[in-house]
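Chemist: Sequence first, predicted model second:
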Amino acid sequence: MNAQSKASPNLVPPFNTETAILKVRLAEDGWNSRDPERVALAYTPDCRWRNRSEFINGRHEIVAFLTRKWAKELDYRLIKELWAFTENRIAVRFAYEWHDDSGNWFRSYGNENWEFNDDGVMRLRLASINDLPIKESDRKYKWPHGRRPDDHPGLSDLGL
């Protein structure tokens, strides 16, 4: 059992609406930390990912992938929203904003399908993502680095 499961024993399958929403928010919080080692702990040691056209296997590759990602995607801010769930699976939609080292801003939109083991640790993540160039003035995510404030609008509230 990982630290998250020990701290939140109700975040294991089978999910209900409340636990699925909380699981999504905890994942968002982790990714907004931009700490690859921390994020990787939410996945099984042999977790499999498809992220765009890249296939990733295990925590070591997850850490390497996220390190590369956040070296390229600067000032990354993410919002995830529950789309659907079953006993041990959760589907989310998300959007994140970032800029490259030339100051070009993007909003990336996508969907993820997650599958969890009995301890509530993710063993499969399938992500489809599209990038849209935006003007800096069109940014909607301007909170300080880290966790999205509780009073900040979510995706549906922002019309995304």
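Modeler: In hand now; what should we look at? The shown structure was predicted, so the numbers you read here are calculated from the model rather than taken from an experiment. Numbers count the residues shown, from 1 in each chain.

Chemist: count of residues packed around residue 43?
Modeler: 22 (other C-beta atoms under 10 Å). All C-beta atoms are positioned from the backbone trio N, CA, C, and that covers glycine.

Chemist: list the contacts for the nearest residue to it once chain neighbours are set aside?
Modeler: Leaving aside its chain neighbours, residue 43 sits nearest to residue 122 (4.9 Å; criterion: C-beta to C-beta, 6 or more residues apart in numbering). By C-beta atoms under 8 Å, 6 or more residues apart in numbering, residue 122 lies in contact with 42-44, 47, 114-116.

Chemist: pLDDT score for residue 122?
Modeler: pLDDT recorded at residue 122 is 97.

Chemist: Give me the buried entries from the contacts of residue 122.
Modeler: 42-44, 47, 114-116 (16 or more other C-beta atoms under 10 Å).

Chemist: was I right about residue 39 contacting residue 67?
Modeler: No - between residue 39 and residue 67 there is no contact, the gap being 10.4 Å when judged by C-beta atoms under 8 Å.

Chemist: pull the CA atoms of stretch 12-19 into CSV?
Modeler: Extracted C-alpha coordinates of stretch 12-19, given in CSV (Å, rounded to 0.1, in the frame of the first residue of the first chain):
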residue,chain,number,x,y,z
VAL,A,12,-9.3,2.3,-3.2
PRO,A,13,-11.6,0.5,-5.6
PRO,A,14,-14.5,0.2,-5.8
PHE,A,15,-14.8,3.9,-6.3
ASN,A,16,-17.9,6.0,-5.7
THR,A,17,-18.5,9.6,-6.9
GLU,A,18,-16.9,11.1,-3.8
THR,A,19,-13.8,9.0,-3.9
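
Chemist: which residues are contacting it?
Modeler: 5, 10-11, 23, 85-88, 90, 116, 118-120.

Chemist: all helices of the protein, in order?
Modeler: 3-7, 17-33, 36-40, 58-72, 155-158 (DSSP state H).

Chemist: Any regions of this structure where pLDDT drops low?
Modeler: For the chain, the stretches with pLDDT under 70 are 1-10.

Chemist: For it, just list every one of the strands.
Modeler: Per DSSP state E, the chain carries strands over the ranges 43-51, 54-57, 74-85, 89-99, 105-116, 122-134.

Chemist: residues in contact with the third one?
Modeler: Applying C-beta under 8 Å, 6+ apart, the contact partners of strand 74-85 are 15, 17, 20-21, 24-25, 27-28, 31-32, 34, 70, 90-101, 111-112, 141-143, 145, 148, 154-156, 158, 160.

Chemist: And the buried ones among those residues, selectable in ChimeraX?
Modeler: Buried residues within these, by 16+ other C-beta under 10 Å, are selected in ChimeraX with:
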select :15,20,24,25,27,28,31,32,34,70,90,91,92,93,94,95,96,97,98,99,112,141,148,155
